[in-house]
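Colleague: When you get a sec, could you give me coordinates for this:
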Amino acid sequence: MSRIIYTYTDEAPALATESLQPVLDAFAGAAGVDVETRDISLAGRILAAFGDHLEPHQQVGDALAELGALAKRPEANIVKLPNISASIPQLEAAIAELQAAGYAVPDYPEEPADDAEAKVKERYDAVKGSAVNPVLREGNSDRRAPAAVKAYARAYPPRMGEWSSDSPAHVATMTGGDFRSSERSVTVAEATDVRVEHVGEAGEVTVLKPSIPLEAGEVLDAAVMSRRALTAFLAEQVADAKAKGVLFSVHLKATMMKVSDPIIFGHAVRAYYAEVFERHGATLEGLGVSANDGMASLERALERLDDETRAAIEADIAKAYETGPGLAQVDSSRGITNLHVPSDVIIDASMPVVVRDSGTMWNADDEQQPAKCVIPDSSYAALYGETIEFCKANGALDPKTMGSVPNVGLMARKAEEYGSHDKTFEIPADGTVRVVDAAGQTLLAHTVETGDIWRACQTKDDAVRDWVQLAVRRARASAAPAVFWLDETRAHDAELLAKVRDELSGLDTDGLRLEVMPVAEATRFSLERARAGQDTISVTGNVLRDYLTDLFPILEVGTSARMLSIVPLMAGGGLFETGAGGSAPKHVQQLRKENHLRWDSLGEFLALTASFEHLADRFGNERARLLGRTLDAAVARYLEEGRSPSRKVGELDNRGSHVYLTLYWAQALASQTEDPAAAEIFAALAAELAEQEQTIIGELAAVQGEPVDLGGYYWPDRERAAEVMRPSATFNAALERLVAATEGR
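Modeller: Coordinates of the predicted model:
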């Protein structure tokens, strides 16, 4: 039997899976396709990592490791939903929830006291941050807006704010002392093994990373961010935001860059609340407060102080708001600011919204105000800086007429910065950090100071060459120019460009327009073409892939969740991703409050369409091809008839949207003529759902409005969640009859 692995993840996508899974089982079963789930949620990953701490009946398999191995085999067909890339506060919350549920997982020791705690921390560090994507992404990314989604956006354009040429909104980034300015890169000719060492000023050597195996032709980079330069830059930006009357906001990705960015975030917290940390640093340190965890951690810790001390610290926090610049808000009604927790503001989700909202963010008075967008490292800040300046000069892009910027992204085999977590260090003392190969030769070295952040990352030769081949295929298929966003003056990009040019020399590129441009130039080029209604393929590295596949989709179609994301795995299988999950926490909050889930599963529908097509191509399963084609038709109708979930309680939500998708899919299958047996199987379901439509929608609406208990946030009770997400007895019975009819054949 052909097989699709459908991942069970976290938050809203996991809840939506409880509703959609019976539909998938019923429809796929009719084509001889088995849809299996694998739990790669944050809680599931924690339990898999600490099975030796659990009772036998509590132990779970390591689904992520299983799927990582599968991704390297040609039969892989994985639909991957958004998952939590956990910050430390999220990790600690998940641990506490599991412990309360009777799972004896250990606490997270942020500062290990002994070897045993160090080993526990090492296990948790493999779970937090971007633990999932590097394991599954054994191929490069092809991400674009499907024709039906683009047509819908042109007919029903998403909201765009109006720009003014004199808007004070802007991006601020470092001009020196950051990763971009200090980067060094080398391509190794032969396979080797390198280690990372810190050499103190007195010559003492400390091994930071004993072994990094490198393949022949692999690119290795190293860079350092100066603490001295960073803290000076942040202090300047706080003062400048005050002087210009704009909101101070910081845009990082502490979830993916799980070592470096929380540290940078912590410096931003200290910069804004400088007097708080200067006057009360010893007290806060005694409480175990880390600025890296944000103000939420500090505020919770204050509850452990006596009234007088707590009042003094709270007064200085209030003074920071009174005397400093306005601080951008995540949720002003709840007092959650941009500096609340590191995982709340994720750059690839937050910056497109700033652009959409005319350079504004929400202030403490729940009003939109122009913002200073602080992006410390200058490696990719120009993407957003140039976009804001373009909009000031030309006005907002028009979704009714603008072209697309699809992406071919280099991410295979943990390529580039997102694979740097285990090679990133906060430097303990002045000295030198060096990378030494097996022959004792120093490949890369930096002079460092205490508190600097040093990182290395790898990019494998075969991943780069596969990326170039994919770019050429997409350029030929789309007839649009393809732009490699690479900068000759950046050390890493220069190494990649040598490989790109070598690979292109052996490929058929006749008739194709292939360009190479640095970030700022590529941004302007793509924006100008988009404004003229023209498409431009962006061919980028891993981080820019992430940024671009949120920025342009949010401007084009209103959300990145509506993009088709295909990862042709290098071994021949397929990974099909379903869009971004940045809004997932808010959706869960609403469901728990009023039993209404506004998560749109369109990304899942699109991924499944491609997954069925891949099965047909790989295994010759023509009924799987039929399922994919008719699902595509159902998705187009779903959009045309406006069946996406509403934000308002009492109206159509995620569960209702699944009902209409099921109806349209069944009708498409029933009306096709190429497979009469399939048409007969689904005709009964199509007729029943059409007849019972109002009854089913009424049953779904009837349960809304009251709070629901899922039995947990990170580790919900699956039976309870299934009951919440499948409240229509009429719809459930119709699906059961389809399964029975299919099994009878």
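Colleague: Could you use CA atoms for every contact and neighbour count after this?
Modeller: Will do.
Colleague: what's next to stretch 29-38, contact-wise?
Modeller: With contact meaning CA atoms under 8 Å, 6 or more residues apart in numbering, stretch 29-38 is reached by 1-8, 24-25, 28, 63, 621, 623-624, 627, 678, 739, 742.
Colleague: same thing but at 6 Å, please
Modeller: For stretch 29-38, contacts defined as CA atoms under 6 Å, 6 or more residues apart in numbering pick out 1-8, 63, 623-624, 742.
Colleague: Nearest to S646 among those residues?
Modeller: Set against S646, the nearest of the contacts of stretch 29-38 by CA to CA is Y8 (23.6 Å).
Colleague: residues near the closest residue to the closest one other than its chain neighbours, how many?
Modeller: Of all residues not flanking Y8 in the chain, D39 sits nearest, at 4.6 Å (CA to CA, 6 or more residues apart in numbering). Other residues within reach of D39, judged by other CA atoms under 10 Å, total 20.
Colleague: With the one 4 residues further on instead?
Modeller: A total of 23 residues lie near A43 under the criterion other CA under 10 Å.
Colleague: now the one 4 residues further on
Modeller: When neighbours are defined as other CA under 10 Å, L47 has 23 of them.
Colleague: where does it land on pLDDT?
Modeller: pLDDT for L47: 98.
Colleague: how far out from the middle of the chain is stretch 429-444?
Modeller: 33 Å (CA atoms, centre = their mean, to the nearest Å).
Colleague: again but with stretch 25-44, I slipped
Modeller: 22 Å.
Colleague: So what would you say the end-to-end distance of it is?
Modeller: Taking CA to CA, to the nearest Å, the span from the opening residue of stretch 25-44 to its closing residue is 22 Å.
Colleague: Make residue 1 into 50 and carry on from there
Modeller: Taking 50 as the first residue, the last one we looked at is stretch 74-93.
Colleague: same question for it, mean pLDDT?
Modeller: 94.
Colleague: any idea of the pLDDT on the closest residue in space to S453 that isn't next to it in sequence?
Modeller: Closest residue to S453 apart from its sequence neighbours, by CA to CA, 6+ apart: D584 at 4.7 Å. Listed pLDDT for D584 reads 97.
Colleague: Can you report how many residues lie near D584?
Modeller: For D584, the neighbour count with other CA under 10 Å is 21.
Colleague: Then G444?
Modeller: When counting by other CA under 10 Å, one arrives at 17 neighbours for G444.
Colleague: Farthest-apart pair in the contacts of stretch 78-87, please.
Modeller: Most distant of the contacts of stretch 78-87, by CA to CA, are A112 and T791, 29.5 Å apart.
Colleague: roughly how far is the helix or strand hosting F282 from the heart of the chain?
Modeller: Using DSSP states H and E, F282 sits within helix 276-293. Between the centre of helix 276-293 and the centre of its chain there are 28 Å (CA atoms, centre = their mean).
Colleague: Beyond it, next helix or strand please.
Modeller: Taking DSSP H and E, what comes next after helix 276-293 is strand 296-299.
Colleague: For stretch 550-568, list every residue counted as buried.
Modeller: Across stretch 550-568, burial judged by 16 or more other CA atoms under 10 Å covers 552, 563, 565, 567-568.
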